[in-house]
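> 3D, please:
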Amino acid sequence: MPVLTPNFYPLRFVLLLIVLVIAACAGPQKSEQAPAPKAGRAVTSLLAKADTRAQAGEWGQAAALLERALRIEPRNAWLWHHLATVRFQQKRYAQAVSLANKSSSLAPGDAALQEKNRRLVEEVRQAADRG
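Numbers count the residues shown, from 1 in each chain. Next up, the predicted model:
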(Lines give C-alpha, C1' and ligand atoms only; values in the text may rest on other atoms or scores of the structure.)
Protein backbone atom coordinates (compact mmCIF):
# COMPACT_ATOMS: atom_id res chain seq x y z
CA MET A 1 0.00 0.00 0.00
CA PRO A 2 1.46 3.40 -0.95
CA VAL A 3 2.28 5.87 1.75
CA LEU A 4 0.21 9.03 1.42
CA THR A 5 1.76 12.31 2.32
CA PRO A 6 -0.25 14.91 4.26
CA ASN A 7 -0.41 17.07 1.10
CA PHE A 8 -2.40 14.37 -0.69
CA TYR A 9 -5.54 14.81 1.44
CA PRO A 10 -6.38 18.41 0.38
CA LEU A 11 -5.89 17.38 -3.25
CA ARG A 12 -8.23 14.44 -2.73
CA PHE A 13 -10.82 16.79 -1.18
CA VAL A 14 -10.61 19.16 -4.16
CA LEU A 15 -10.99 16.29 -6.61
CA LEU A 16 -14.00 14.98 -4.69
CA LEU A 17 -15.53 18.45 -4.72
CA ILE A 18 -15.04 18.71 -8.50
CA VAL A 19 -16.68 15.32 -9.02
CA LEU A 20 -19.66 16.35 -6.88
CA VAL A 21 -20.12 19.60 -8.80
CA ILE A 22 -20.01 17.78 -12.13
CA ALA A 23 -22.48 15.18 -10.87
CA ALA A 24 -24.85 17.90 -9.68
CA CYS A 25 -24.72 19.59 -13.08
CA ALA A 26 -25.53 16.31 -14.83
CA GLY A 27 -28.59 15.64 -12.66
CA PRO A 28 -32.15 15.40 -13.95
CA GLN A 29 -33.36 18.41 -15.91
CA LYS A 30 -36.32 20.52 -14.81
CA SER A 31 -39.47 20.38 -16.89
CA GLU A 32 -39.92 23.28 -19.26
CA GLN A 33 -42.81 24.56 -17.13
CA ALA A 34 -40.54 25.15 -14.15
CA PRO A 35 -40.19 28.82 -13.31
CA ALA A 36 -36.40 28.66 -12.93
CA PRO A 37 -33.78 26.37 -11.46
CA LYS A 38 -33.45 28.48 -8.30
CA ALA A 39 -37.01 29.72 -7.87
CA GLY A 40 -37.86 30.15 -4.23
CA ARG A 41 -40.92 28.80 -2.49
CA ALA A 42 -42.72 32.13 -2.61
CA VAL A 43 -42.27 32.42 -6.38
CA THR A 44 -43.27 28.80 -6.92
CA SER A 45 -46.42 29.37 -4.86
CA LEU A 46 -47.27 32.59 -6.71
CA LEU A 47 -46.76 30.87 -10.06
CA ALA A 48 -49.08 28.03 -9.04
CA LYS A 49 -51.74 30.52 -7.95
CA ALA A 50 -51.32 32.48 -11.19
CA ASP A 51 -51.73 29.27 -13.19
CA THR A 52 -54.95 28.47 -11.31
CA ARG A 53 -56.29 31.97 -12.01
CA ALA A 54 -55.30 31.72 -15.68
CA GLN A 55 -57.05 28.37 -16.04
CA ALA A 56 -60.17 30.03 -14.65
CA GLY A 57 -59.82 32.84 -17.20
CA GLU A 58 -59.06 35.37 -14.47
CA TRP A 59 -56.30 37.02 -16.46
CA GLY A 60 -56.03 40.21 -14.39
CA GLN A 61 -55.51 38.27 -11.17
CA ALA A 62 -53.03 35.94 -12.88
CA ALA A 63 -51.06 38.96 -14.12
CA ALA A 64 -51.03 40.55 -10.66
CA LEU A 65 -49.65 37.34 -9.12
CA LEU A 66 -46.96 37.06 -11.80
CA GLU A 67 -45.97 40.70 -11.35
CA ARG A 68 -45.64 40.06 -7.63
CA ALA A 69 -43.41 37.05 -8.34
CA LEU A 70 -41.31 39.17 -10.69
CA ARG A 71 -40.74 41.73 -7.93
CA ILE A 72 -39.17 38.86 -5.97
CA GLU A 73 -37.22 37.34 -8.88
CA PRO A 74 -36.90 39.94 -11.65
CA ARG A 75 -34.37 37.87 -13.61
CA ASN A 76 -36.57 34.76 -13.80
CA ALA A 77 -37.06 34.32 -17.54
CA TRP A 78 -39.90 31.82 -17.11
CA LEU A 79 -41.95 34.29 -15.11
CA TRP A 80 -41.57 36.86 -17.90
CA HIS A 81 -42.75 34.22 -20.39
CA HIS A 82 -45.80 33.39 -18.27
CA LEU A 83 -46.68 37.07 -17.97
CA ALA A 84 -46.28 37.46 -21.75
CA THR A 85 -48.73 34.59 -22.21
CA VAL A 86 -51.25 36.25 -19.88
CA ARG A 87 -50.90 39.57 -21.72
CA PHE A 88 -51.52 37.73 -24.99
CA GLN A 89 -54.73 36.31 -23.56
CA GLN A 90 -55.72 39.83 -22.51
CA LYS A 91 -55.14 40.95 -26.12
CA ARG A 92 -52.38 43.29 -24.97
CA TYR A 93 -50.29 42.27 -27.95
CA ALA A 94 -47.50 44.87 -27.88
CA GLN A 95 -46.86 44.15 -24.23
CA ALA A 96 -46.91 40.38 -24.85
CA VAL A 97 -44.21 40.72 -27.52
CA SER A 98 -42.11 42.98 -25.30
CA LEU A 99 -42.37 40.56 -22.35
CA ALA A 100 -41.52 37.54 -24.52
CA ASN A 101 -38.45 39.36 -25.82
CA LYS A 102 -37.45 40.23 -22.24
CA SER A 103 -37.82 36.55 -21.32
CA SER A 104 -35.59 35.52 -24.22
CA SER A 105 -32.96 38.10 -23.33
CA LEU A 106 -32.72 36.67 -19.81
CA ALA A 107 -32.27 33.08 -20.98
CA PRO A 108 -29.93 33.02 -23.98
CA GLY A 109 -28.90 29.39 -23.30
CA ASP A 110 -32.41 27.97 -22.78
CA ALA A 111 -33.40 26.67 -26.22
CA ALA A 112 -36.82 25.42 -25.06
CA LEU A 113 -37.76 28.79 -23.61
CA GLN A 114 -36.38 30.63 -26.64
CA GLU A 115 -38.60 28.49 -28.87
CA LYS A 116 -41.68 29.03 -26.69
CA ASN A 117 -41.11 32.78 -26.82
CA ARG A 118 -40.62 32.68 -30.59
CA ARG A 119 -43.89 30.76 -31.01
CA LEU A 120 -45.72 33.15 -28.70
CA VAL A 121 -44.51 36.17 -30.67
CA GLU A 122 -45.67 34.49 -33.88
CA GLU A 123 -49.11 33.79 -32.34
CA VAL A 124 -49.35 37.41 -31.22
CA ARG A 125 -48.54 38.65 -34.73
CA GLN A 126 -51.14 36.37 -36.28
CA ALA A 127 -53.77 37.46 -33.75
CA ALA A 128 -52.95 41.12 -34.33
CA ASP A 129 -53.25 40.63 -38.11
CA ARG A 130 -56.69 39.05 -37.64
CA GLY A 131 -57.74 42.15 -35.72
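> Which helix runs longest in this protein?
In the chain, with assignment by DSSP state H, the single longest helix is helix 111-130.
> Next, the buried residues of that helix.
By 16 or more other Cβ atoms under 10 Å, the buried positions in helix 111-130 come out as 113-114, 116-117, 120-121, 124. Heads up, the C-betas are built off the backbone N, CA and C, glycines and all.
> again with stretch 98-105
Buried-residue list, stretch 98-105, by 16+ other Cβ under 10 Å: 99-100, 102-104.
> Using JSON lines, lay out these together with distance to residue 128.
Putting the buried residues of stretch 98-105 into JSON lines (distance: Cβ to Cβ, whole Å) gives the following:
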{"residue": "99", "distance to residue 128": "15"}
{"residue": "100", "distance to residue 128": "13"}
{"residue": "102", "distance to residue 128": "19"}
{"residue": "103", "distance to residue 128": "19"}
{"residue": "104", "distance to residue 128": "19"}
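> Residue 45 versus residue 117, what's the distance?
24 Å (Cβ to Cβ, to the nearest Å).
> Report the contact partners of residue 62.
Residue 62 makes contact with 50-51, 53-54, 86, according to Cβ atoms under 8 Å, 6 or more residues apart in numbering.
> Lowest average confidence across helices and strands of this protein, where is it?
Least confident helix or strand, the chain: helix 8-25 with a mean of 53, by mean pLDDT, DSSP states H and E.
> So which of the buried residues of stretch 98-105 is the closest to residue 78?
Nearest to residue 78 among the buried residues of stretch 98-105: residue 103, at 7.4 Å, using Cβ to Cβ.
> mind listing what the closest one touches?
Residue 103 makes contact with 77-78, 80-81, 84, 113, 117 under the criterion Cβ under 8 Å, 6+ apart.
> Please, which helix or strand holds it?
For residue 103, the host element (DSSP states H and E) is helix 93-106.
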